[in-house]
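Colleague: Pasting the sequence and the predicted coordinates here, then a few questions.
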Amino acid sequence: MPSIDFLISSPGHHLEAARPVIARLEAAGQRCRLLSLCEFRGLDTPADPLGGLSSEVLRLLPLRPRRPSTLSGLQRPSPGRAALLGWLRAAAWRGVLGPALGRTLRPPPRLAVVPNDTAYPYDRIVDRYRRHDVPIVLLQEGIRFPLPAEGGSDRYGTGAVAAIAAWGESSADHFRRLGVPAHTIHLTGSPRFDDLDPPAWRRQGDELRRRLRLGERTLLLVSNPIDDQGFCTGGEKIRLLTRFASELAPLFADHRFHLAVRPHRREDPRAFDPLRRGAAAPERVTIVRDEPLYPLFAAARAVVVLASTVGLEALMLGRPLAVLELPGWGFVHDYVRSGAARGLSWASPLAPQVAAMLDAGGGTPAVESYLERSLATRNGAADRVARLILELAG
């Protein structure tokens, strides 16, 4: 029986979205395969990524590079660097990824599910599948906003896929504005968020707070590779976050205040050492790498993000959210514009702005309205995606 293929390049959110859908397809008697690009991005495919499911797991790159691949991101694009990047991408595709994918196409799958249809190397993967008449489902991977590294536009969803499993009405509006045919957009929600249970995470958050010795008024700063997205360089990002921590000096006068910083999987935790050293109380700054995100949300009083889907997840878990202003770019995405989050502006002292957020509660009417537009459902998304795949696979 030809397979239904799922491609991932993250052992986190890509896998978390694919796994429950694969489980439902297996239950319906379908043969599935998980094709992992994690090693290409400098990450490890988990030893048992499907948690005991019977589907086959294939690593397209057997060995992991020493450092995360820079081929998928570009800081401050210039013609020379863009040309070099194009050459490197073409060489990597011809020498490694293209042949590896070609081996999986003998025979071709019935259908392929991808988290991205326009970013490298998914653009080439989608093109290869189309040449073999394989229908493609785009399983939305995160919030959408224009990226400077992509020329200030967002082509995500325009790769002529057979269907888009979109999170909610706000995403559907975004795809329609890009000219995506309406009949290909299906409101499914995200399988990552099915049956999210805030009380269960609160219990784990209490345990984590005690183990990490976090204070009662812990602020969680969640970083992400805004340098790869083109908003700044890597050095500018660290200087920005170091300045943020130093501006919070008045808050450290309260012994209950603690700053927890959670780097992205692709970020080196050691790069955040200047942030700790620049704080008024370095002993109350914790750089957290290996702890799961949801217990961290539950352990914190409030959350600050830069440009990431994790802001939506913080809102779902009832945490007050703030977005740190990026110099020259403002507040990325629509969290602040919609009223669901507070904007932390450099135009005035940051400490009072953060203090007000720490005193605020979550779950406001603006937040609920935002979540309703962002997610078509908060349970049953995996069922909706599985039904869509079965319909397209015939």
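Modeller: That came through fine.

Colleague: use CA for all of it now, contacts and neighbours both
Modeller: OK.

Colleague: how close does residue 112 get to residue 277?
Modeller: Using C-alpha to C-alpha, to the nearest Å, residue 112 is found at 47 Å from residue 277.

Colleague: and those two? which has more neighbours close in?
Modeller: Shown here are residue 112 and residue 277; by other C-alpha atoms under 10 Å, residue 112 has more neighbours (25 against 15).

Colleague: And what about the more buried one, helix, strand or coil?
Modeller: Under DSSP: H, G, I helix; E, B strand; the rest coil, residue 112 falls in the strand class.

Colleague: quick one: it from residue 265, how far?
Modeller: From residue 112 across to residue 265, the span is 26 Å (C-alpha to C-alpha).

Colleague: got the phi/psi numbers for the nearest residue to residue 345 once chain neighbours are set aside?
Modeller: Distances taken as C-alpha to C-alpha, 6 or more residues apart in numbering place residue 325 nearest to residue 345, at 5.6 Å, with adjacent residues excluded. Here is the backbone geometry of residue 325 (degrees, to the nearest 10): phi -60, psi 130.

Colleague: quick one: contacts for residue 325?
Modeller: Residues near residue 325 by C-alpha atoms under 8 Å, 6 or more residues apart in numbering: 306, 331, 332, 343, 344, 345, 346.

Colleague: Quick check: the farthest pair among these?
Modeller: Spanning the widest gap among the contacts of residue 325 are 332 and 346, at 14.5 Å by C-alpha to C-alpha.

Colleague: neighbour count winner among those two?
Modeller: Using other C-alpha under 10 Å as the criterion, residue 332 and residue 346 rank with residue 332 on top: 21 against 14.

Colleague: wait, isn't the more buried one in contact with residue 309?
Modeller: No: the pair residue 332 / residue 309 is not scored as a contact, 11.0 Å apart, by C-alpha atoms under 8 Å.

Colleague: As a check, name the ranges of all helices in the stretch 201-350 of the chain.
Modeller: Per DSSP state H, counting those that start in this stretch, the stretch 201-350 of the chain has helices spanning 234-247, 273-277, 293-299, 310-316, 350-359. These are given in chain order.

Colleague: Highest mean neighbour count out of those helices?
Modeller: helix 293-299 (a mean of 24; mean count of other C-alpha atoms under 10 Å).

Colleague: where are the low-confidence patches of the stretch 51-200 of the chain?
Modeller: By pLDDT under 70, the low-scoring segments of the stretch 51-200 of the chain are 64-79, 149-153.

Colleague: 90 instead, please
Modeller: The model of the stretch 51-200 of the chain has pLDDT under 90 over residues 61-89, 91-92, 96, 119, 144-155, 159-160, 195-200.

Colleague: No further questions, thank you.
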